[in-house]
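Undergrad: would you be able to build a 3D model of this:
(chains A and B)
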Amino acid sequence: QSVLTQPPSVSGAPGQRVTIPCTGSSSNLGSGYDVYWYQQLPGTAPKLLIYANINRPSGVPDRFSGSKSGTSASLAITGLQAEDEADYYCQSYDSSLGPVVFGGGTKLTV
Amino acid sequence: QVQLQESGPGLVKPPQTLSLTCTVSGGSISSGGYYWSWIRQLPGKGLEWIGYIYYSGVTYYNPSLKSRITISVETSKNQFSLKLSSVTAADTAVYYCARDSSGGSGSFDIWGPGTMVIVSS
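TA: Model (predicted):
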């Protein structure tokens, strides 16, 4: 069981908007620690999508956005495209388990 | 730009020690400011952080693996390495090295392509 909880799968039609939740606790997101999001396309290494809750690295389309409130965070993807079909992981710091903990991942089907 | 590349045996016998090296190109580990991590992904599963090292040699390991892990750095070769002892089939995974740009708490902005390690006799 991951300390950060994500739904195993979400789906949406092309052009739609989807959100992927990441639920934590008082020892991680609830303590104000930042959340990071990664996209992993099939057969490739993960790619940083969102850092420090809401920021996009250079080159990441603005269709991707992050938010965080209390013990939860969320990744939103608007204008869904077939190429967005991938696994998405949230990650944060946990005061009990260590500096890096990942969510279990969410498979997005477009 | 900075690139990472994992290398090492693709097959390890239990209960031997798994040894991998990550070579950093396009930038110097010694320049500081970044932590260098190992992360693995079991087949069909999610990501598991193994541990990190700073260029000075400071390390932090995943508590669940701590007793079996050693991460070291060789700044002269611009490399850092992972040793995982007493491996079992449960250690079969794709192993990634990654650069952490947030002071040791994540934000892995650069990843190696990953290397598959199978543990089998």
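Undergrad: not counting sequence-adjacent ones, nearest residue to B:F80?
TA: Leaving aside its chain neighbours, B:F80 sits nearest to B:V73 (4.4 Å; criterion: C-beta to C-beta, 6 or more residues apart in numbering or on different chains). Using the backbone N, CA and C atoms, a C-beta is placed for each residue, glycine as well.
Undergrad: what residues are up against that neighbour?
TA: B:29, B:36, B:53-55, B:57, B:79-81 (C-beta atoms under 8 Å, 6 or more residues apart in numbering or on different chains).
Undergrad: how far away is the most centrally placed residue in chain B from chain A?
TA: The centre of chain B sits closest to B:W38, judged by C-alpha atoms, centre = their mean, with a distance of 2.6 Å. Taking C-beta to the nearest C-beta, to the nearest Å as the measure, B:W38 and chain A are separated by 11 Å.
Undergrad: so that residue sits right up against B:C97, yeah?
TA: Yes - with contact defined as C-beta atoms under 8 Å, B:W38 reaches B:C97; the gap is 5.8 Å.
Undergrad: now the common contact residues for those two.
TA: By C-beta under 8 Å, 6+ apart, B:W38 and B:C97 have these common neighbours: B:20, B:22, B:82.
Undergrad: show me the beta-bridge partners of the first one.
TA: For B:L20, the beta-bridge assignment (DSSP bridges) gives partners B:L82.
Undergrad: re earlier: neighbour-wise, which of the contacts of B:V73 leads?
TA: Within these, most neighbours by other C-beta atoms under 10 Å in any protein chain shown means B:F80, with 26 neighbours.
Undergrad: of all the residues in chain A, which ones are close to chain B?
TA: For chain A, the residues found near chain B under the criterion C-beta under 8 Å from any C-beta of the partner chain are A:2, A:33-34, A:36, A:38, A:44-48, A:51-52, A:57, A:89, A:91-93, A:97-105.
Undergrad: report the buried members of those.
TA: Among the residues of chain A next to chain B, those scoring as buried are A:2, A:33-34, A:36, A:38, A:45-48, A:51, A:89, A:91-93, A:98-105 (criterion: 16 or more other C-beta atoms under 10 Å in any protein chain shown).
Undergrad: which residues in the chain form strands?
TA: Answering for chain A, as no chain was given. For chain A, the strands defined by DSSP state E cover A:9-11, A:18-23, A:36-40, A:47-50, A:64-69, A:72-77, A:86-94, A:98-102, A:106-109.
Undergrad: the intended chain is chain B.
TA: Using DSSP E, the strands of chain B run over B:3-7, B:11-12, B:18-25, B:35-41, B:47-53, B:59-61, B:69-74, B:79-84, B:93-100, B:108-111, B:115-119.
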